[in-house]
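Trainee: take a look and give me a structure for this.
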Amino acid sequence: MRTYTSLCLFAGTISTLLLAQGCADFDDTDDIAQSDIFRDQGAGAKLQNGKKFPNASGDSETFNPLGATDLTNEFFQALGSNGRRCVTCHDPADGWSIRPKSVQARFDATGGTDPLFRTNDGSNSPNADVSTVNARRKAYSMLLTKGVIRVGMPIPANAEFELIEVDDPYGFASAKELSVYRRPLPAANLAFLNLVMWDGRESSRDGLLAGLMNQANGATMGHAEGDSLSRATLESIVGLEFNLVNSQSHHDAAKELHAAKARGGPEHLALEDGSGRGFNIYDAWSDRPGGGVNVARRAIARGQKIFNDSCAGFCHDVGNVGNNSRGIFFDIGVSAKSRRTPDMPLYTFRNLKTGEIVETTDPGRALVTGRWNDMSKFKTPGVRGLAARAPYFHDGSAATLGAVVGFYTSPHFKGPPIALTAQEKADLVAFLEAL
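Mentor: Okay, here's the model as predicted:
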């Protein structure tokens, strides 16, 4: 089992990557409208620890061991040519990702001209008509409904497979550039990572920090259509990201997630080192007596046990975080033809040696390695802060945590069958909501 350094220690262990600046307090009584808080804040603006961001299950929070998050960092600056910033797709109000609800609000407020809406990767196709508001609403429909960014990738020159058929509702994709649609992964809780990006394409043999700098640089040149960043700027961005610890802090039914000896919330997460397997943060709630709030707390504790028994043994094994310690990519069936919706392209590939055929909406890791055995495989993301960043899976195909649990108990799941009663499903959802 790999051991991870406690996030709270990063201010000391990678101090050369941190910019701890003296800043004015951020007024947490303001009505925050998504990324608007990061615009025109002036010198010294901060996002203070303890700021609550509401979601469908309660509230999430970001804890920074430096005491606050510096909103003047390059993470919040437009470093490219199209107005985008890292925060454009990695918003603390959305668990450092983006939610369709927020995307829709930004579209409505700007008529689809916010920097998020750019045809290089925000539209369904780079050739989409964006001349009017109605045209833009159609052009950015995938982003608006699923919160996905289009990633254009070619088939590798050394691929063990060939593309023999494309069914693209937007009439663009080809072997030269496939269109795959993926959720922005959260820019928080990064110390527990061992793979960077859904398909691992920015990971580095030089370690996690090098991989994260690859990601920041690639995002600036690609998503923001800018130039390569300096080493100092990359270190500043990654230094800020490493100090972002995000999780659910309040559950509508169970209330504060660190109450009654539980260890939910971002401050406790910052103390974790990833050792052990599964979760024990809600052990103290397993035998809470009485009714009221304790009914919800016992349900979360039961859901924790179900998760440990069903999900934490191999895939989600990093203790109290839930990503994969081995850096393994999995095909769990999310990209299968049987789950395809009309708004997604479908690609048909043939193995050059065996003639085997696969139909998939996203080849995943195979577009990085060219290997047939990597077809439709993706990394296992961490599960902390889930409630703040719906929808789920790499393609945003599960709108709710209930839908996620439903997938794993359905024939679509390419793994050992998980049989759960209705009550067990409800308990598992309650636990996931409390992460």
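
Trainee: could you use CA atoms for every contact and neighbour count after this?
Mentor: Fine.

Trainee: now the helices: where do they sit in the stretch 251-400 of the chain?
Mentor: 266-269, 293-310, 366-369 (DSSP state H, counting those that start in this stretch).

Trainee: now those as a markdown table including distance to residue 143, mean pLDDT and mean neighbour count?
Mentor: Rendered in a markdown table, the data for the helices of the stretch 251-400 of the chain read as follows (distance: least, Cα to Cα, whole Å; pLDDT from 0 to 100; neighbours: other Cα atoms under 10 Å):
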| stretch | distance to residue 143 | mean pLDDT | mean neighbour count |
| --- | --- | --- | --- |
| helix 266-269 | 28 | 98 | 23 |
| helix 293-310 | 30 | 97 | 22 |
| helix 366-369 | 22 | 98 | 21 |
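
Trainee: show me the shaky parts of the protein.
Mentor: 1-44 (pLDDT under 70).

Trainee: specify the residue ranges that define each domain of it.
Mentor: 7-146+184-246, 149-182+335-377, 254-328+381-433 (automatic domain parsing).

Trainee: gap between the first one and the chain center?
Mentor: Pointing back at domain 7-146+184-246 there. 11 Å (Cα atoms, centre = their mean, to the nearest Å).

Trainee: residue 397 is in contact with residue 390, isn't it?
Mentor: No - the pair residue 397 and residue 390 fails to qualify as a contact (Cα atoms under 8 Å) at a distance of 9.8 Å.

Trainee: who has more neighbours, those two?
Mentor: residue 390 (26 against 23; other Cα atoms under 10 Å).

Trainee: and that one, what does it touch?
Mentor: 99, 396, 399-401 (Cα atoms under 8 Å, 6 or more residues apart in numbering).

Trainee: ok, of these, which come out buried?
Mentor: 99, 396, 400-401 (16 or more other Cα atoms under 10 Å).

Trainee: just send the helices of the stretch 251-400 of the chain back as a markdown table, with distance to residue 320 too.
Mentor: Below are these laid out as a markdown table (distance: least, Cα to Cα, whole Å):
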| stretch | distance to residue 320 |
| --- | --- |
| helix 266-269 | 8 |
| helix 293-310 | 10 |
| helix 366-369 | 30 |
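
Trainee: nearest to residue 254 among these would be which one?
Mentor: Closest to residue 254 of the helices of the stretch 251-400 of the chain, according to Cα to Cα: helix 293-310, at 5.1 Å.

Trainee: give me the contact list for that closest one.
Mentor: 253-255, 278-280, 282-283, 285-288, 418, 424, 426-432, 434.

Trainee: can I get it as CSV, trimmed to CA atoms?
Mentor: This file holds the C-alpha atoms of helix 293-310, laid out as CSV (Å, rounded to 0.1, in the frame of the first residue of the first chain):
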residue,chain,number,x,y,z
VAL,A,293,-30.2,13.3,13.3
ASN,A,294,-28.9,10.0,14.6
VAL,A,295,-31.1,8.1,12.1
ALA,A,296,-29.2,9.8,9.3
ARG,A,297,-25.8,9.3,11.0
ARG,A,298,-26.4,5.5,11.4
ALA,A,299,-27.4,5.3,7.7
ILE,A,300,-24.1,7.0,6.7
ALA,A,301,-22.2,4.5,8.9
ARG,A,302,-24.0,1.6,7.3
GLY,A,303,-23.2,3.0,3.9
GLN,A,304,-19.6,3.2,4.8
LYS,A,305,-19.5,-0.5,5.6
ILE,A,306,-21.2,-1.3,2.3
PHE,A,307,-18.7,0.8,0.4
ASN,A,308,-15.8,-0.9,2.2
ASP,A,309,-17.2,-4.4,1.5
SER,A,310,-18.1,-3.7,-2.1
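
Trainee: what number of residues lie near residue 356?
Mentor: Burial of residue 356 is recorded as 11 neighbouring residues (other Cα under 10 Å).

Trainee: which residue sits closest to it, ignoring its sequence neighbours?
Mentor: Nearest residue to residue 356, sequence neighbours excluded (Cα to Cα, 6 or more residues apart in numbering): residue 350, at 5.5 Å.

Trainee: list the contacts of residue 411.
Mentor: residue 417.

Trainee: distance of it from residue 366?
Mentor: Residue 411 is 24 Å from residue 366, where distance means Cα to Cα, to the nearest Å.

Trainee: swap in residue 398?
Mentor: Where residue 366 is concerned, residue 398 sits at a distance of 23 Å (Cα to Cα).

Trainee: contacts only, for the nearest residue to residue 159 once chain neighbours are set aside.
Mentor: Of all residues not flanking residue 159 in the chain, residue 370 sits nearest, at 3.9 Å (Cα to Cα, 6+ apart). Residue 370 makes contacts with 155-161, as judged by Cα under 8 Å, 6+ apart.

Trainee: ok, now with 7 Å
Mentor: Residue 370 makes contact with 156, 158-160, according to Cα atoms under 7 Å, 6 or more residues apart in numbering.

Trainee: who wins for neighbours among the residues you listed?
Mentor: residue 160 (19 neighbours).

Trainee: before we move on, the earlier item: now flag whichever of the contacts of residue 370 is closest to residue 191.
Mentor: For the contacts of residue 370, the nearest to residue 191 is residue 156 (30.3 Å; Cα to Cα).

Trainee: just to check, that closest one is in contact with residue 365?
Mentor: No - Residue 156 lies out of contact with residue 365 (Cα atoms under 7 Å); the separation is 11.1 Å.

Trainee: quick one on the thing from earlier: now for the helices of the stretch 251-400 of the chain, which one comes closest to residue 407?
Mentor: Using Cα to Cα, the helices of the stretch 251-400 of the chain put helix 293-310 closest to residue 407, at 13.5 Å.

Trainee: pick out the most distant pair among the contacts of residue 390.
Mentor: 99 and 401 (13.7 Å).

Trainee: OK, contacts around the residue nearest the centre of the chain?
Mentor: Centroid-nearest residue in the chain: residue 185, 2.6 Å away (criterion: Cα atoms, centre = their mean). Applying Cα under 7 Å, 6+ apart to residue 185 gives the contacts residue 97.

Trainee: at 10 Å instead, please
Mentor: By Cα atoms under 10 Å, 6 or more residues apart in numbering, the residues touching residue 185 are 89-90, 95-98, 196-198, 381-382, 389, 394.
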